[in-house]
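Trainee: Model the structure of this input:
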Amino acid sequence: MKKAVLAVVLGLSLLACPILYFAVGPRLDALQTETLKLLLIVCGCSAAYCFAVGELSGNNSQMDKLWSILPEVYVWIAAIKGGMHPRLVVMAVLATLWGARLTFNFARKGAYRLRFWDGEEDYRWAVLRGKKEFQPHWKWLLFNLFFISVYQNVLILCTTFPALLAMNAEAPFGWIDGLAAALTAGFLTLETVADAQQWRFHAKKKALMQDGTPLSELPAPYDKGFNTLGLWARSRHPNYLGEQGVWASFYVFSIGAGAGVFNWSVIGALLLIVLFMGSSNFGEEISASKYPEYARYKQRVSKFIPWKKYEP
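Mentor: Numbers count the residues shown, from 1 in each chain. You can find the predicted model right below:
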């Protein structure tokens, strides 16, 4: 039931973008409209690529590989078309730093290969493909087309809409932009630290198990199987918190550009939050099925906002 509700929410959320555009200004001018058309062409080509290559190769992480690359492409296009306004340049640099972090984190997991369609696939896709809801294959094919390829590509484009909206801004780079930059950098630092802690934990766990030692016989806290150290002792998904925070902060640039406290470019951040609610639930479902202690950890540690520290 929850999955069906989430699917409906994801579908309806796409309709929110044009509704917000007409309900909450400002409208796009000729240059912004021309730029949006270019961005949509890139987005459409990416969606077609992800679907075709994902189906032909059986590796559905094609969008995962592009997730960290497309936003900076979109923002740099907006920056160049917008005359390299200081606000747009700062936004593009921050998007590039964000992309470099995420690309590196995915690359060290073996996601990128010379054979571009190959590489390590996100483990969650294999689990999802095996569920009865996606049998026979035509059901998965539709999911790959509409959610993995189309929806996620559109979502990524939407997260960069504040840059599109800021293209015609006459307001100079001000304190609101400085706040947006500081918040974006802060959340970027948070997810960078969280990723590093997660990587070290699982690398150490893997090393301890190389001689055949079962998980239950590993020294604490590695015997649990999941990370409870550092930021992960206070948040079950500190990396997700950072990711959502980055794009929510990115939206603040549109406020600095004079678009008002609430404008239609907020749709990207909102869609991302909805997506991460579903993604985190699914990830926790997998963790709970693998690690008996995870249910207790889930009860004691908040999902996103760091709060009470986990006590074994």
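
Trainee: Show the contacting residues for the spatially most central residue of the chain.
Mentor: The chain has Glu243 as the residue nearest its centroid, 6.1 Å off, counting by CA atoms, centre = their mean. Going by CB atoms under 8 Å, 6 or more residues apart in numbering, Glu243 touches Phe187, Glu191, Leu272, Phe276. From N, CA and C alone the C-beta is placed, and that goes for glycine too.

Trainee: and with 7 Å instead?
Mentor: Glu191, Phe276 (CB atoms under 7 Å, 6 or more residues apart in numbering).

Trainee: Three-state assignment for Leu183, please.
Mentor: helix (DSSP: H, G, I helix; E, B strand; the rest coil).

Trainee: From Val246, how far off is it?
Mentor: 9 Å (CB to CB, to the nearest Å).

Trainee: So between these two, which is more surrounded?
Mentor: Neighbour totals were compared for Leu183 and Val246, and Val246 leads with 27 against 17 (other CB atoms under 10 Å).

Trainee: so the more buried one makes contact with Phe187?
Mentor: Yes: counting by CB atoms under 7 Å, Phe187 is a contact partner of Val246 at 4.6 Å.

Trainee: what helix or strand is the residue nearest to the centre of the chain on?
Mentor: helix 238-256 (DSSP states H and E).

Trainee: Next secondary structure after that helix?
Mentor: Beyond helix 238-256 toward the C-terminal end (DSSP H and E), the next one is helix 267-290.

Trainee: which residues touch the helix or strand just after that next one?
Mentor: Heading C-terminal from helix 267-290, the first helix or strand you meet, by DSSP H and E, is helix 294-300. Helix 294-300 has contacts (CB under 7 Å, 6+ apart) with Phe226, Thr228, Arg236, Glu284, Ser287, Ala288, Lys308, Tyr310.

Trainee: since we're on the closest residue to Tyr74 other than its chain neighbours, how many residues are nearby?
Mentor: Computed as CB to CB, 6 or more residues apart in numbering, the closest residue to Tyr74 that is not its neighbour in sequence is Thr160, at 4.2 Å. Thr160: 26 surrounding residues under other CB under 10 Å.

Trainee: So what does Thr160 look like in phi/psi?
Mentor: Reported as degrees, to the nearest 10, the phi and psi values for Thr160 are phi -100, psi 0.

Trainee: Next one: Gly178 relative to Ser279, how far apart?
Mentor: Where Ser279 is concerned, Gly178 sits at a distance of 31 Å (CB to CB).

Trainee: Check which helix or strand the residue sitting furthest away from the middle of the chain maps to.
Mentor: Most distant residue from the mean C-alpha position of the chain: Asp211, 35.3 Å away (CA atoms, centre = their mean). Asp211 belongs to no helix or strand when assigned by DSSP H and E.

Trainee: And Leu15, by the same measure?
Mentor: Assigned by DSSP H and E, Leu15 falls in helix 2-23.

Trainee: Likewise for Thr33?
Mentor: Counting by DSSP H and E, Thr33 is part of helix 30-57.

Trainee: and that helix, average pLDDT?
Mentor: For helix 30-57, mean pLDDT is 97.

Trainee: Convert the C-alpha atoms of the helix or strand that that helix is followed by to PDB, please.
Mentor: Later in the chain than helix 30-57, the nearest helix or strand by DSSP H and E is helix 62-67. Extracted C-alpha coordinates of helix 62-67, given in PDB (Å, rounded to 0.1, in the frame of the first residue of the first chain):
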ATOM      1  CA  GLN A  62      23.300   4.300 -16.100                       C
ATOM      2  CA  MET A  63      21.400   7.100 -14.500                       C
ATOM      3  CA  ASP A  64      23.400   6.700 -11.300                       C
ATOM      4  CA  LYS A  65      26.500   7.400 -13.300                       C
ATOM      5  CA  LEU A  66      25.100  10.600 -14.800                       C
ATOM      6  CA  TRP A  67      23.400  11.800 -11.600                       C
END
